[in-house]
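[1] Sharing a sequence plus its predicted fold:
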Amino acid sequence: MKKRYTLEQKRWDDPAEHTMPEHSRVPASFTIGNVKIAPATVLAPMAGVTDTVFRRFIKNASQFTSATDDAVDRASNVDSVTSNQQSGCGLIMTEFTSADGLSRMRETKRKRYLTYYDDEHPISAQLFGSNPATLADSARIVEDAGFDLVDLNLGCPAKRVVACNGGSGLLRDLPLIETIFRAVRAAVTIPFTVKFRMGWNDDHIVCVPLARLAEDCGLNAVALHARTREDGYTGQARWEYIAAVKDAVRIPVIGNGDIRTPEDAAAMVDATRCDAVMIGRAAPSNPWIFRQIAQYTAAKEATGIGTYDIPTDQVRYRMIRTYFQMLVDEIALEEAAEATRAAALTEAGQIAARARHRDAVGKMKQFASWFTHGIPNGSALRKAIFEAKSGPAVLDSVEVFFTNQSTRAVREFEEDGELLATTAYCD
Ligand SMILES: Cc1cc2nc3c(=O)[nH]c(=O)nc-3n(C[C@H](O)[C@H](O)[C@H](O)COP(=O)(O)O)c2cc1C
């Protein structure tokens, strides 16, 4: 069976707690080549996670103002400081795509892999592979598809990727990396970046020479997940290596690894002086993380004290429903597009449609376990979602749970006369 790159396997072992350093904050913006990114925060590429639905969901969750979101409305000081910004998430990236696959695919299939919407700009497409010519071809495809940036993955530790010398497998071959850098650089005019781990293992740490090589070959920025391939996701990310890379190059450095809170983001900037922060695993469990970072930064600038909103359970439920509805809508859109291409779905088309439905329901189940983490009765909601067999059935179970939960809270409020906590359910 194909092993998936799952979020569940990648929880934090023993997260370090950081407090907000007094003076540091995440920069308001930075530029990669000619692309301005504001604020200096990046949603990390995550296979099986950062598809177009999730990316737009995160961008929306990162907006500062929303008529329906009372938690955000209270952050009025943020709006005045950042009124020229659209979202607390400055840059989004696709999940990694195989350059070999992309260059072989038919046009229609390619489009599905490289789907994005106008409101996703600026957006970067990430490629993996080890053949310089194929990577250069695929980078051209990415550029032609309208992406703002193209990124090369030199960090993926998955065995099936490393076995083809892709992802972190390449970290053992700097000369081949140089050939790839030069081939891709010559193939496109959009900014070209690389995301890598520190090296294969502690005996073979290459992040500093690799960053210098990237700069020499004309790449426009580097992003470091501060672990080796052998570390997998264990232990703490070693931010001191991000600092070492920052010291070594003049192109922007994006720091990545173990940011879970606005305090962590500021602490990473403080410890490394990186130009931007990249956030992966925190986003699916806390889709508000980018907005919280922006709130924290703006509040700190305005008042000297960093504060940010914690979403109520009510807001969390609404968020679950929104994301699930977006997944269901996306499938409906794809099917409508297919129906206009062919009068009736071919047998292959029907099989593909069933696979998409299964995939969407799988995503709902996967995300249910993240979004509902730590909320009252979350296990009951997870159970209901795991038992549902289709997208609409999942939506129904969220709706029923949500209604029961609100009713229960109002009843408790009436019975106990307790105002505490229940106000969250009464809007
Ligand atoms: C489920 C999952 C899928 C991932 N897929 C990719 C990927 O496609 N490309 C990539 O460069 N990194 C990938 N990563 C690594 C993340 O981009 C990021 O470097 C890593 O999770 C560390 O950041 P964090 O501590 O903020 O999660 C993935 C991580 C997870 C958890």
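    Yes, it's here. Residues are numbered from 1 along each chain as shown.
[2] Quick check: pLDDT value at Glu215.
    At Glu215, the predicted lDDT confidence score is 98.
[3] Surely it is in a strand?
    No. According to DSSP: H, G, I helix; E, B strand; the rest coil, Glu215 belongs to no strand; its state is helix.
[4] What is the burial count for the residue nearest to Pro39 when sequence neighbours are not counted?
    With C-beta to C-beta, 6 or more residues apart in numbering as the criterion, Pro39 has its nearest non-adjacent residue at 5.0 Å, and that residue is Gly90. Heads up, the C-betas are built off the backbone N, CA and C, glycines and all. Around Gly90 there are 27 other residues, counting by other C-beta atoms under 10 Å.
[5] From what I see, Gly90 and Val277 are in contact.
    No. In this structure Gly90 lies outside contact range of Val277 using C-beta atoms under 8 Å: 9.6 Å.
[6] any common contacting residues for those two?
    Ala40, Thr41, Val42 (C-beta atoms under 8 Å, 6 or more residues apart in numbering).
[7] Please report the distance of the nearest residue to the second one once chain neighbours are set aside from the ligand.
    When the adjacent residues along the chain are set aside, Thr41 lies closest to Gly90, with 4.9 Å between them (C-beta to C-beta, 6+ apart). The spacing between Gly90 and the ligand, counted by C-beta to the nearest ligand atom, to the nearest Å, is 15 Å.
[8] Tell me the predicted confidence for the closest residue to Val208 other than its chain neighbours.
    Of all residues not flanking Val208 in the chain, Ala248 sits nearest, at 4.9 Å (C-beta to C-beta, 6+ apart). Reported pLDDT at Ala248 in the predicted model: 98.
[9] pLDDT score for the residue of the chain found nearest the ligand?
    Nearest residue of the chain to the ligand (C-beta to the nearest ligand atom) works out as Gly280 at 2.9 Å. As predicted, Gly280 sits at a pLDDT of 96.
[10] Contact partners for it?
    Per C-beta under 8 Å, 6+ apart, neighbours of Gly280: Leu43, Ala44, Met46, Asn256.
[11] Return the subset of the shared contacts of Gly90 and Val277 lying in helices.
    The members of the shared contacts of Gly90 and Val277 all map outside helices under DSSP state H.
[12] Reformat the residues you listed into a markdown table and put distance to Gly378 and pLDDT next to each item.
    Formatted as a markdown table, the shared contacts of Gly90 and Val277 follow (distance: C-beta to C-beta, whole Å; pLDDT from 0 to 100):
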| residue | distance to Gly378 | pLDDT |
| --- | --- | --- |
| Ala40 | 33 | 96 |
| Thr41 | 27 | 97 |
| Val42 | 29 | 98 |
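[13] What about the ligand: which of those residues touch it?
    Among the shared contacts of Gly90 and Val277, no residue sits close to the ligand (C-beta under 6 Å from any ligand atom).
[14] out of these, which one sits closest to Pro262?
    Checking those against Pro262 with C-beta to C-beta, the nearest one is Thr41 at 10.2 Å.
[15] looking at the sheet around the closest one, what are its partners?
    Thr41 forms beta bridges with Val277, as assigned by DSSP bridges.
[16] Run a quick neighbour tally on it.
    Using other C-beta under 10 Å, Thr41 has 28 neighbouring residues.
[17] my read: it touches Leu91, true?
    Yes. Because the distance of 7.5 Å satisfies C-beta under 8 Å, Thr41 is recorded as touching Leu91.
[18] Just list the residues touching the residue nearest to Gly199 when sequence neighbours are not counted, thanks.
    In space, and not counting its chain neighbours, Gly199 is closest to Ile205: 3.9 Å by C-beta to C-beta, 6+ apart. For Ile205, the contacting residues are Met198, Gly199, Thr228, Tyr241, by C-beta under 8 Å, 6+ apart.
[19] give me the element Ala337 is part of.
    helix 313-341 (DSSP states H and E).
[20] Just after that helix, pick out the following helix or strand.
    That would be, after helix 313-341 and using DSSP H and E, helix 347-371.
[21] average model confidence for that following helix?
    So the average pLDDT for helix 347-371 ends up being 79.
[22] Same check on stretch 130-146?
    pLDDT averaged over stretch 130-146 gives 96.
[23] Using CSV, write out every CA atom in it.
    The C-alpha coordinates for stretch 130-146 follow below in CSV (Å, rounded to 0.1, in the frame of the first residue of the first chain):
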residue,chain,number,x,y,z
SER,A,130,16.9,15.1,-10.0
ASN,A,131,17.1,15.4,-13.8
PRO,A,132,18.3,19.0,-14.7
ALA,A,133,16.7,19.0,-18.1
THR,A,134,13.3,17.7,-16.8
LEU,A,135,13.4,20.2,-13.9
ALA,A,136,14.1,23.0,-16.3
ASP,A,137,11.2,21.9,-18.6
SER,A,138,8.9,21.7,-15.6
ALA,A,139,9.9,25.1,-14.3
ARG,A,140,9.0,26.5,-17.8
ILE,A,141,5.6,24.8,-17.5
VAL,A,142,5.2,26.4,-14.0
GLU,A,143,6.1,29.8,-15.4
ASP,A,144,3.7,29.5,-18.3
ALA,A,145,1.0,28.5,-15.9
GLY,A,146,1.3,32.0,-14.3
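[24] so Val328 touches Leu395, yeah?
    Yes. Counting by C-beta under 8 Å, Val328 does reach Leu395; the two are 6.5 Å apart.
[25] okay, and the common contacts of these two?
    By C-beta under 8 Å, 6+ apart, no residue touches both Val328 and Leu395.
[26] CSV for the shared contacts of Gly90 and Val277, including distance to Phe324?
    Output for the shared contacts of Gly90 and Val277, formatted as CSV (distance: C-beta to C-beta, whole Å):
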residue, distance to Phe324
Ala40, 31
Thr41, 25
Val42, 25
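[27] From the residues you listed, pick the one nearest Lys365.
    Closest to Lys365, out of all of the shared contacts of Gly90 and Val277 and judged by C-beta to C-beta, is Val42, at 27.1 Å.
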